[in-house]
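Asks: Pasted the sequence and its predicted model underneath.
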Amino acid sequence: MDRDARIGLPDVLCLLGILVLAVATRLPGLALRGQWDADQGSELLVLLHWVRDGQVPLLGPSTFAGTFHHGALYYYLLAPAAFLTDVDPHAIVLTIALLGLATVAAIWALGYAVGGRWTGHIAGVLAAVSPALVLGSTFIWNPNPVPLGAALALLGAVLAWTRYSARWWLLSAAGCMLAMQLHVSGGLLVPPLLLAWVLDLARRPTGERGPVLGAGLVGAAILAAGYLPLLVHELETGFTDTQGLIGYLRGGAGVGAGGDFLTRMLVVAFRSIAWPFTGVITEAPMAAAAVTVLVLVLLGVAFRGGGIRARPALVLFTGTLAWSLPALALTAPTLLSAVPGLPNDHYHTYLDPLVLVVAATGIAAVAGHVGRFVDPWASGGRRESHVVARGLGLAALVALVAVSAWRWPPASAADGGWPLADEAAVRLISRQDVPSLALVSLPEVKSPDAIRFPLERRRVVPLASVPGEDPAGGVITVCDPLFEDLMDARCGGEAELAYATRAGTG
């Protein structure tokens, strides 16, 4: 094994330091940082009914299409915290934060596997300060741990190839299954990883293909095992979720949803590459453009100066990115727009680990820690060229860290988060006969679960409104100011009055 591939005590200490940095960017004030909306309420209601009523979830959260679901593994990851605390949102978000710390460690390991210790350390620092990964560690939502699954999937593939060891494909399969279960877009990892597995099989003599074939079969079983809860649900319901997915695909799956195909690909590329460093591009378009150019330059530098060791991983990463851009342009039409105040960039988060590691590999190559990118006889000699090279590498690292720190999410959620929702529930219980009232969301296309969960957690269950039917008695309205343009009315009186007049509830 390459000496630089051996993880020693100094490397472990560096990783611990990186994790301390990650803790510092994620855990302080965690209870107030995460937003609280219908998605969070709906997800925790599922856990609440599991803990209190024994209703084991067989489906994950609903997709944006509303006709099929993500995987149920998300709920199983949160189950220990839910059962130990009676579904306390503080414990659930702490679980999400711990998964975020694991993501930083996995990206460090991926960088180490690709280019050695310096690439690993740089990738770890970039992951620790990434505003996208910090945001994904501080609120409850099923796509947030997707980068962890993606990092493990890519790590397994890189180690299987570079170490000529088939058993690492099992890690790749497990990571891929995790990413796919957490969000359906994680399934876009399957084609490039499958191709890498086929190439690994093809490069071996006939007599050495058995372990790779065996790992492939076990890996397929791992992927299938993640969908056993879905299979149970489908057998019980006549494959309703599968029919919903087929209907979505037959409907075009977002094809033609505005803009020509090339424009959509460019938007997806822009958002995917800049996202780990700048967050939503509409909030900092110039910084996102500069970062995108820098990362693409670093990719070219990595190919030239990253050395033979990094080349297979860079080919895999480039191929994954090249495949993902048109695939996302076809299947994720909402990437063409961004709604202020809402999460927008969850479809491509499985690309975060490879984008961060590509940047780290390029920085390490420029700095001379990997390969020989700079001519040793330029600028007056080897020593001077190394000083210039390391200065350039440090400048690139400082620039990306500075932009990332500038784009960190706020220290507290703009909507008040879970504490404010729970406080609103307490006020309702003290002033209203909640069980006799129906809970209605404005706009009505949204779920009122942001308030239903804190009410039900306090064992007060309001009536459920029936879509298309006016409530017979009084109502509790939950108005979302993010959708005032859709309602053409403002929350705090105007929208509620319009609903009451329309529904005849007075």
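Replies: Thanks, I have the structure now.

Asks: low-confidence ranges in this structure?
Replies: The model of the chain has pLDDT under 70 over residues 1-5, 251-259, 339, 369-385, 466-473, 503-506.

Asks: Show me the strands in it, by range?
Replies: 438-442, 463-464, 475-479 (DSSP state E).

Asks: Can you list the neighbours in contact with the first one?
Replies: Strand 438-442 is touched from outside by 38, 447-448, 451-452, 455, 462-465, 471, 473-480, 483, 487, 491, 495-496, 499, with contacts defined as Cβ atoms under 8 Å, 6 or more residues apart in numbering. Every residue, glycine included, has its C-beta placed from N, CA and C.

Asks: what's around the closest residue to residue 182 other than its chain neighbours, how many residues?
Replies: Setting aside the residues directly before and after it, residue 182 is nearest to residue 146 in space (Cβ to Cβ, 6 or more residues apart in numbering), at 4.8 Å. By other Cβ atoms under 10 Å, 28 other residues sit near residue 146.

Asks: Equivalent analysis for residue 406, please.
Replies: 13.

Asks: ditto for residue 424
Replies: Using other Cβ under 10 Å, residue 424 has 17 neighbouring residues.

Asks: dump the residue contacts of it.
Replies: Taking Cβ under 8 Å, 6+ apart as the test, what residue 424 contacts is 451, 454.

Asks: From residue 336, how far off is it?
Replies: 34 Å (Cβ to Cβ, to the nearest Å).

Asks: cool, residue 78 as well?
Replies: 31 Å.

Asks: which of the two has more neighbours?
Replies: Applying other Cβ under 10 Å to residue 78 and residue 336 shows that residue 78 carries more neighbours, namely 25 against 16.

Asks: My guess is the more buried one contacts residue 89. True?
Replies: No - contact criterion Cβ atoms under 8 Å: residue 78 and residue 89 do not qualify, at 10.6 Å.

Asks: ok, now how distant is residue 7 from residue 116?
Replies: 10 Å.

Asks: In terms of neighbours, single out the busier of those two.
Replies: Set side by side, residue 7 and residue 116 show more neighbours around residue 116, with 24 against 14, by other Cβ under 10 Å.

Asks: my read: that one touches residue 306, true?
Replies: No - contact criterion Cβ under 8 Å: residue 116 and residue 306 do not qualify, at 9.8 Å.

Asks: what's near enough to touch residue 110?
Replies: Neighbour list for residue 110: 120, 123, 151, 154-155, 158, 353, 357 [criterion: Cβ under 8 Å, 6+ apart].

Asks: Look up the closest residue to it, ignoring the ones flanking it.
Replies: Going by Cβ to Cβ, 6+ apart, residue 110 has residue 155 as its nearest residue, at 4.6 Å.

Asks: Over to residue 86?
Replies: residue 51 (6.5 Å).

Asks: Please look at that neighbour and residue 81 and confirm they touch.
Replies: No - using Cβ under 8 Å, residue 51 makes no contact with residue 81, being 10.4 Å away.

Asks: What is the distance between stretch 6-22 and the centre of its chain?
Replies: 24 Å (Cα atoms, centre = their mean, to the nearest Å).

Asks: what does stretch 60-71 give?
Replies: Relative to its parent chain, stretch 60-71 has a centroid offset of 16 Å by Cα atoms, centre = their mean.

Asks: measure that stretch end to end?
Replies: In stretch 60-71, first residue to last residue: 4 Å (Cα to Cα, to the nearest Å).

Asks: quick one: contacts for the nearest residue to residue 192 once chain neighbours are set aside?
Replies: Leaving out its chain neighbours, the residue that sits closest to residue 192 by Cβ to Cβ, 6+ apart is residue 320, at 4.3 Å. Residue 320 makes contact with 154, 189, 192, 351, 354 under the criterion Cβ under 8 Å, 6+ apart.

Asks: Please repeat the previous calculation with a cut-off of 10 Å.
Replies: Under the criterion of Cβ atoms under 10 Å, 6 or more residues apart in numbering, the neighbours of residue 320 are 150, 153-154, 157, 188-189, 191-193, 195-196, 350-351, 354.

Asks: same check, this time on residue 86
Replies: 47-48, 51-52, 457.

Asks: about what we covered before: spit out the residues that contact residue 78 and residue 89 alike.
Replies: Common neighbours of residue 78 and residue 89 (Cβ under 10 Å, 6+ apart) are 44, 47, 140.

Asks: Neighbour-wise, give me the winner out of the contacts of residue 320.
Replies: Counting neighbours by other Cβ under 10 Å, residue 154 leads those with 32 neighbours.

Asks: in terms of contact, does that one touch residue 186 like I think?
Replies: No - using Cβ atoms under 10 Å, residue 154 is not in contact with residue 186, being 12.0 Å away.

Asks: Which neighbours do these two have in common?
Replies: If you check residue 154 and residue 186 against Cβ under 10 Å, 6+ apart, the residues they both contact are 175-176, 179, 350.

Asks: Please pick the buried ones from the contacts of strand 438-442.
Replies: Among the contacts of strand 438-442, those classed as buried by 16 or more other Cβ atoms under 10 Å are 38, 447-448, 451-452, 455, 462-463, 465, 471, 475-480, 483, 487, 491, 495-496, 499.

Asks: Please consider this matter closed, and thank you.
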